[in-house]
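Visitor: Show me how the following folds:
(2 chains)
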Number of protein chains: 2
Amino acid sequence: MKRLFATIGRPMPENNIKQAMFPEGATVIQNPLGTAPGFRMPMTTNGHTASLIVLPGVPREMKPMMENSVIPWIGANRGTDKVYAVRVFQTFGISESALDEAVAGLIKPEEAKVSFRASFPQISLKVRVEGAPGEVDRKLDELSKRVREKISQYAYAEGDVSMEEVVGQLFVEKNLTLAIAESCTGGLIGHRITNVPGCSRYFKSDLVTYSNDVKEGVLGVSQQTLIAHGAVSEECVREMAAGVRKRTGASVSVATSGIAGPDGGTPDKPVGTVCIALSADDQSFTRRYQFRGTRDWVKLITSQVALDWLRRYALGMPIADSALFRR
Amino acid sequence: MKRLFATIGRPMPENNIKQAMFPEGATVIQNPLGTAPGFRMPMTTNGHTASLIVLPGVPREMKPMMENSVIPWIGANRGTDKVYAVRVFQTFGISESALDEAVAGLIKPEEAKVSFRASFPQISLKVRVEGAPGEVDRKLDELSKRVREKISQYAYAEGDVSMEEVVGQLFVEKNLTLAIAESCTGGLIGHRITNVPGCSRYFKSDLVTYSNDVKEGVLGVSQQTLIAHGAVSEECVREMAAGVRKRTGASVSVATSGIAGPDGGTPDKPVGTVCIALSADDQSFTRRYQFRGTRDWVKLITSQVALDWLRRYALGMPIADSALFRR
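Guide: Numbers count the residues shown, from 1 in each chain, chains lettered A, B, ... in the order given. Model (predicted):
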């Protein structure tokens, strides 16, 4: 170990002195935002030489170091002229294996690398083209077109775009306004919708009615429906969706009610039973699902299905045409 | 590279064959839940010998491998009889440096290691005692008692417990019921409250009133208040908090309204301006804050302050006595 920085003036705390110690042979990587610099050094293992790059763990400090120092260094030292270009399709409502089958044969292994990444609840499909700087973009566009045509049903976005952003863009474009009535999702749909800057242009309200008396009092769900069918029923969410539109004047609404677990399941309505409704001037639609997973997964998949319904409605597509939940 | 697994019967896909290749000298770590095993191997760098342990990245597969194979192996090979015990205090409303100062001198370096971890919006303080198996727990209890006495004001939990779980436990214990009225947080508080299993025992409703007409129509905020003070005002959140209690019959409520950004700020009310109110039979309380950060940070810190208010109310503590926001 060698100390690479000197201290000036008053004694430096022990912890900061430690940050100035580096292995011999290391090249220091400056940290403009913190006291812990990084370093890189060559390493030889089993006859192969590699570079070890060490950065502080705090993302706020690590990211600019990665962007400003590490990536340019890799670019200058990777020993090839080839570049690559990438397109990512965000999909929902289709399983990874069904997605794989859908695009099978569209792209030859020598044309591009196709890979999948499941990040619950969506699955992304990545097309990666490598080649000379002048040709990769054109080639990627052409290959992406083939993929897009095949999976347009499930691909809700391209690039780093979330389902709630897509819904927001569509609601602005189509001049629609949104209200939500949640029970089992507890506010998650509203939270996601309001993560998108500018959502006040289309989002009016989200009435989370967890207890039955509030479903009646605030949303106007009839006591008869609650007694005859229970809060987790297509009848109840239909009235919730209609009620929240009436209350708020929104042009479109979704409503959710279900059993997120781990308790509260019954033989008729086990944990994971969820009903969703969409209400609009020109149509209303309800469906009962049986999801699997922990409480947070049930909430998340329910919110994703509800947002996907809003997207499909705004695009004039069939509402719940999902390969994933078609049984 | 050596192939350590054989294929039986039909040809194995290329990707799976790759998963059977390991560096020479590697010991395979079984993966009971997936096709990608891990491995460990000794490594020598600069005269030091270490063990490299490689596991698949999918958390669902990695975690049981870590627990069932790696940790027992480390335990058997670490070459010491000493054990250690750890206590983590979850704190909110105090900065890392103020927390450091508060506990300075309480614990000598030779007694235990004290460390901090900032995971926005909370900061955890960890006390780690190392020693003989028979004595670490007793010693940890004693040291923890010293820490607890000093930071009880800000330490909302010990161990891996969230603020919303603490609020839930207190509401059950004290027989309180909860309603929420959200504007800028958009459903996040309700989402967090309903992440806790069994929350239906105390949580009645969360009325997310994003647009002003719904603040009036659903919560009964007066048009006069909205015109005179705007939706982001202590006057407005006071009426929202009172309104949601009236609507739902809950014994306690919180309300939020603010400018989460990035747009919508004015010189008088810049981005990050947030008003919060608490309403209960025996008291009501409002405060205006100026938070910093991105949209998601403003939403998150607001939800955390609101939950902390509920915790403080349930414990009979002063509501907004926070070192972090006291200026």
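Visitor: Every contact and neighbour count from this point should use C-alpha atoms.
Guide: Fine.
Visitor: which residues in chain A form helices?
Guide: Remark: helices assigned in chain A by DSSP state H are A:14-18, A:59-65, A:71-77, A:96-103, A:136-151, A:163-173, A:188-193, A:212-219, A:223-229, A:234-248, A:295-315.
Visitor: Mind giving me the packing neighbours of the longest one?
Guide: Packing contacts for helix A:295-315, counted by 3 or more C-alpha pairs under 8 Å, 6 or more residues apart in numbering or on different chains; DSSP states H and E, involve helix A:163-173, helix A:188-193, strand A:252-258, strand A:273-280.
Visitor: quick one: it to chain centroid distance?
Guide: What separates the centre of helix A:295-315 from the centre of its chain is 11 Å, taken as C-alpha atoms, centre = their mean, to the nearest Å.
Visitor: ok and it relative to strand A:252-258, angle-wise?
Guide: Relative orientation of helix A:295-315 versus strand A:252-258 (axes from the mean of the first three to the mean of the last three C-alpha atoms, to 10 degrees): 160 degrees.
Visitor: Same list (the helices and strands packed on helix A:295-315) but as CSV, adding distance to residue B:28.
Guide: Output for the helices and strands packed on helix A:295-315, formatted as CSV (distance: least, C-alpha to C-alpha, whole Å):
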stretch, distance to residue B:28
helix A:163-173, 40
helix A:188-193, 42
strand A:252-258, 44
strand A:273-280, 41
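Visitor: what's the closest of those to chain B?
Guide: Closest approach to chain B among the helices and strands packed on helix A:295-315 is made by helix A:188-193 (4.6 Å; C-alpha to the nearest C-alpha).
Visitor: so what does the closest one touch, helix or strand wise?
Guide: helix A:163-173, strand A:178-182, strand A:203-209, helix A:295-315, helix B:188-193.
Visitor: Now render those as TSV, adding mean neighbour count and distance to residue A:233.
Guide: Below are the helices and strands packed on helix A:188-193 laid out as TSV (neighbours: other C-alpha atoms under 10 Å in any protein chain shown; distance: least, C-alpha to C-alpha, whole Å):
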stretch	mean neighbour count	distance to residue A:233
helix A:163-173	20	25
strand A:178-182	30	13
strand A:203-209	30	15
helix A:295-315	21	14
helix B:188-193	26	21
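Visitor: Please tabulate the ones you listed in TSV, including the columns distance to residue A:272 and mean pLDDT.
Guide: Shown next, in TSV, are these (distance: least, C-alpha to C-alpha, whole Å; pLDDT from 0 to 100):
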stretch	distance to residue A:272	mean pLDDT
helix A:163-173	22	98
strand A:178-182	15	98
strand A:203-209	19	98
helix A:295-315	6	96
helix B:188-193	17	98
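Visitor: need the helix or strand of chain A with the lowest average pLDDT.
Guide: Lowest on mean pLDDT, DSSP states H and E among the helices and strands of chain A sits strand A:2-3, with a mean of 54.
Visitor: out of the helices of chain A, nearest to residue A:85?
Guide: Closest to residue A:85 of these, according to C-alpha to C-alpha: helix A:136-151, at 6.2 Å.
Visitor: which outside residues touch that closest one?
Guide: Applying C-alpha atoms under 8 Å, 6 or more residues apart in numbering or on different chains, the contact partners of helix A:136-151 are A:83-87, A:99, A:102-103, A:106-107, A:127-130, A:155.
Visitor: Only the C-alpha atoms, please, for it, written as PDB.
Guide: Taking C-alpha atoms only, helix A:136-151 is exported to PDB below (Å, rounded to 0.1, in the frame of the first residue of the first chain):
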ATOM      1  CA  VAL A 136     -25.200  -0.200 -37.400                       C
ATOM      2  CA  ASP A 137     -28.100   2.300 -37.100                       C
ATOM      3  CA  ARG A 138     -29.600   1.500 -40.400                       C
ATOM      4  CA  LYS A 139     -29.300  -2.200 -39.700                       C
ATOM      5  CA  LEU A 140     -30.800  -1.800 -36.200                       C
ATOM      6  CA  ASP A 141     -33.800   0.100 -37.700                       C
ATOM      7  CA  GLU A 142     -34.500  -2.600 -40.200                       C
ATOM      8  CA  LEU A 143     -34.300  -5.400 -37.600                       C
ATOM      9  CA  SER A 144     -36.400  -3.500 -35.100                       C
ATOM     10  CA  LYS A 145     -39.100  -3.100 -37.700                       C
ATOM     11  CA  ARG A 146     -39.400  -6.900 -38.100                       C
ATOM     12  CA  VAL A 147     -39.600  -7.300 -34.300                       C
ATOM     13  CA  ARG A 148     -42.100  -4.500 -33.900                       C
ATOM     14  CA  GLU A 149     -44.500  -5.900 -36.400                       C
ATOM     15  CA  LYS A 150     -44.500  -9.300 -34.600                       C
ATOM     16  CA  ILE A 151     -45.000  -8.100 -31.000                       C
END
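Visitor: Just the buried residues of that helix, please?
Guide: Buried residues in helix A:136-151, defined by neighbour count with 16 or more other C-alpha atoms under 10 Å in any protein chain shown: A:136, A:137, A:139, A:140, A:143, A:144, A:147, A:151.
Visitor: follow-up on the earlier one: and of the helices of chain A, who's closest to residue A:284?
Guide: With C-alpha to C-alpha, the closest approach to residue A:284 among the helices of chain A belongs to helix A:234-248: 7.8 Å.
Visitor: what's near enough to touch the closest residue to residue A:299 other than its chain neighbours?
Guide: Nearest non-adjacent residue to residue A:299, counting by C-alpha to C-alpha, 6 or more residues apart in numbering or on different chains: residue A:185, 4.9 Å away. Neighbouring residues of residue A:185 by C-alpha under 8 Å, 6+ apart: A:256, A:257, A:260, A:299, A:300, A:302, A:303, B:191, B:194.
Visitor: OK, contacts around the first one?
Guide: This means residue A:256. Residue A:256 touches A:181, A:182, A:183, A:184, A:185, A:237, A:274, A:275, A:276, A:277, A:302, A:306, counting by C-alpha under 8 Å, 6+ apart.
Visitor: Also the third one?
Guide: For residue A:260, the residues meeting the contact criterion (C-alpha under 8 Å, 6+ apart) are A:184, A:185, A:271, A:272, A:273, A:294, A:295, A:296, A:298, A:299.
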